[in-house]
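In: Quick one: sequence plus predicted model below, questions after.
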Amino acid sequence: MLTAFVSLKVRQDSVNEIASQLAAINGVSEVYSIAGRFDLTAIIRVRDCEDLADIVTNKMLKLDGIIDSETQIAFRVHSKHDLESMFSLGDD
């Protein structure tokens, strides 16, 4: 499973509409409106890089109103739960 974060700068009058369109794309698990230089971040979870490339280039970036994007691919997840289980001494 491949996880990627795609941050998007969009036209201000299209944020909600684009967020809804992104959320409807198969492989997009979550869409967040965010503060900072980007307006939205979409979390994509797919099988491989080919699926990711298809979603980003053939579906997401063809939506009218997207001005700019930046895609980051996750290597490993580090959550509090994962870290606690790694350092557990078995005193359950």
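Out: Thanks, I have it.
In: contacting residues for residue 61?
Out: The contact partners of residue 61, taken as CB atoms under 8 Å, 6 or more residues apart in numbering, are residue 69. C-betas here are computed from N, CA, C, even on glycine.
In: so where's this structure shaky on pLDDT?
Out: When residues are selected by pLDDT under 70, those of the chain lie in 80-92.
In: Isn't residue 55 up against residue 27?
Out: Yes. The pair residue 55 / residue 27 is scored as a contact, 4.9 Å apart, by CB atoms under 8 Å.
In: Just want to know which of these two has more residues nearby.
Out: Neighbour totals were compared for residue 55 and residue 27, and residue 55 leads with 22 against 19 (other CB atoms under 10 Å).
In: Assign the more buried one to helix, strand or coil.
Out: Three-state call for residue 55 (DSSP: H, G, I helix; E, B strand; the rest coil): helix.
In: How many residues are close by residue 56?
Out: Using other CB under 10 Å, residue 56 has 19 neighbouring residues.
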